[in-house]
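In: Need a 3D model of the sequence below.
(one chain, ligands or ions: 1)
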Amino acid sequence: MSVVDLINNTRTTAFSFEVLPPLKGNSIEKVFKTIDRLREYDPKYINITTHRSEIIYKDIEGGLYKRISERTRPGTVAVAAAIQNKYQIPAVPHLICSGFTKSETEYALIDLNFLGIYDLLILRGDKAKHDNKFVPTPEGHEHALDLQHQVNRFNEGYFLDGSKTSLNIPFTYGVAGYPEKHDESPNPESDLNWLREKVKAGAGYVVTQMFFDNSKYFDFVDRCRVAGINVPIIPGIKPINYCNQLTVLPKVFHVDLPEALACELRKCKTDAEACEVGVEWATGQARELKAKGVPSIHFYSMMATESVRRIAHNVY
Ligand code: FAD
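Out: A predicted model of the protein is given here:
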């Protein structure tokens, strides 16, 4: 069953989380340990993020920079296959525009097809760290929607050069949505219009950016419905686990922290205290979302596996 079907047919609120491929050179064991700790809560699928490579330069002298290394997390496709193989839980690799040419994407689609992975989350991807704004990769795509068109064409049985494929199991996929608006969007209406285009183009569901105030999610769902976006909208929940996330999360992800949460975090003297606040807050969010019957809750578990485990224990 595809993840789209699974989300559409679940009778209780499902649980999913994401893992990051290991930093280049590290073993996959850490990924497995994360899954082992969360498996008892019956995740219905597991997302695997994708990261463009970042080249690190060192300032050597007088404004000269030397390329010293490439920091990246390769292996999304392989990690997805390893997870699906080891745990028999559907893996959802993220397919991104950022840092990838169309041909590289086509190769990834062929690999995924051979590996029996047919669920994707399609995204534009983050900008390069050294750029001020997103710059499309040469021979790549500018928006998630363009990448969807490539996947759709592949699903219809065509490679980029127009030749026919006989890889006939189609991919199904979700896309991202932003209850508090994507930071580059001029206004919420424009952002919602593009989301509607992504759904019209074939997205079977939407996963939201993290939010800390459930009313923003409920309002977003209402606005989506009015705009004619009728697919499931999966809330994304991020447990706070560091004191500095009080300022970092709003800055990096362009989301608001409610005053009640910010106030509790300001009182924290250690990350352990912040973690307690984060677990309590996210548990409250997840309980309410579950009580309102959302089809699934997606947890941003990066560096917060233990918190997600505790929240899942409280809620599921
Ligand atoms: P798009 O849908 O392309 O939208 C980007 C902006 O352009 C928006 O402002 C939108 O309103 C506008 N827009 C959309 N389509 C068009 C169009 N055709 N023409 C003009 N304007 C348009 N990043 C990673 O690098 N790797 C990951 O694994 C990853 N996983 C994520 C998972 C989730 C659930 C979420 C919410 C985000 C994730 N991100 C990831 C971050 C994401 O890539 C960024 O938020 C990125 O800035 C936007 O991605 P998008 O797919 O929403 O882009």
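
In: helices and strands of the chain: which one bottoms out on pLDDT?
Out: Across the helices and strands of the chain, mean confidence by mean pLDDT, DSSP states H and E is lowest for strand 64-71: a mean of 70.

In: That one and the ligand in contact?
Out: No. Using C-beta under 6 Å from any ligand atom, strand 64-71 never reaches the ligand; the gap is at least 13.8 Å. Using the backbone N, CA and C atoms, a C-beta is placed for each residue, glycine as well.

In: What pairs with that strand, parallel or antiparallel?
Out: strand 54-61 (antiparallel) (DSSP bridges).

In: Just the residues contacting the partner strand, thanks.
Out: When contacts are defined by C-beta atoms under 8 Å, 6 or more residues apart in numbering, strand 54-61 is touched by residues 65-72, 128-130.

In: could those go into CSV alongside neighbour count?
Out: Putting these into CSV (neighbours: other C-beta atoms under 10 Å) gives the following:
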residue, neighbour count
Tyr65, 11
Lys66, 10
Arg67, 9
Ile68, 11
Ser69, 11
Glu70, 11
Arg71, 13
Thr72, 17
Ala128, 17
Lys129, 10
His130, 10
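
In: Closest one to the ligand out of those, please.
Out: Nearest to the ligand, judged by C-beta to the nearest ligand atom, of these is Ala128 at 10.1 Å.

In: Outside of the least confident helix or strand of the chain itself, list whatever touches it.
Out: 23-24, 53-60.

In: make it 10 Å
Out: For strand 64-71, contacts defined as C-beta atoms under 10 Å, 6 or more residues apart in numbering pick out 23-24, 51, 53-60, 129.

In: among those residues, which two are most distant?
Out: Spanning the widest gap among the contacts of strand 64-71 are His51 and Ile60, at 26.4 Å by C-beta to C-beta.

In: Mind checking which of these two has more residues around it?
Out: Taking other C-beta atoms under 10 Å, His51 and Ile60 do not tie; His51 has more neighbours (21 against 10).

In: who's in contact with the more buried one?
Out: So His51 contacts 20-21, 23-24, 71-76, 94, 96, 98-99, 125-126 (C-beta under 10 Å, 6+ apart).

In: Just the pLDDT for it.
Out: As predicted, His51 sits at a pLDDT of 94.

In: distance of Arg266 from Tyr205?
Out: As defined by C-beta to C-beta, to the nearest Å, Arg266 lies at a distance of 36 Å from Tyr205.

In: more neighbours, the two?
Out: Neighbour count, other C-beta under 10 Å: between Arg266 and Tyr205, Tyr205 has more, with 22 against 10.

In: Would you confirm that that one contacts Ile7?
Out: Yes. Between Tyr205 and Ile7 there is a contact under C-beta atoms under 10 Å: 5.4 Å.

In: which residues are in contact with both of the two?
Out: By C-beta under 10 Å, 6+ apart, the residues touching both Tyr205 and Ile7 are 174, 231-234, 295-296.

In: Tell me where the chain has helices.
Out: 3-9, 29-38, 76-87, 102-115, 144-155, 188-200, 214-226, 245-253, 259-267, 271-291, 305-315 (DSSP state H).

In: re earlier: how far out from the middle of the chain is the least confident helix or strand of the chain?
Out: The chain centroid and the centroid of strand 64-71 are separated by 28 Å under C-alpha atoms, centre = their mean, to the nearest Å.

In: Look up how far Phe114 lies from Val92.
Out: The gap separating Val92 from Phe114 is 17 Å, by C-beta to C-beta.

In: quick one: which of the two has more around it?
Out: Taking neighbours as other C-beta under 10 Å, Val92 and Phe114 compare with Val92 leading, 26 against 11.

In: who in the stretch 151-300 of the chain is up against the ligand?
Out: 176, 182, 184-185, 190-191, 194, 198, 207, 209, 236.

In: any idea which of these is closest to Asp256?
Out: Each of these was scored against Asp256 by C-beta to C-beta, and Gln209 proved nearest at 11.7 Å.

In: That closest one: what's it in contact with?
Out: For Gln209, counting by C-beta under 10 Å, 6+ apart, the contacting residues are 176-183, 220, 235-236, 238, 253-255, 300.

In: Now, of these, which are buried?
Out: Burial by neighbour count, 16 or more other C-beta atoms under 10 Å: within the contacts of Gln209 this picks out 176-182, 220, 235-236, 238, 253, 255, 300.

In: Would you point out the most distant pair within these?
Out: Between any two of the buried ones among the contacts of Gln209 (C-beta to C-beta), the greatest distance is 18.4 Å, for Lys181 and Tyr300.

In: number of nearby residues for Pro74?
Out: By other C-beta under 10 Å, 16 other residues sit near Pro74.

In: oh, I was asking about Val252
Out: There are 11 residues near Val252, going by other C-beta under 10 Å.
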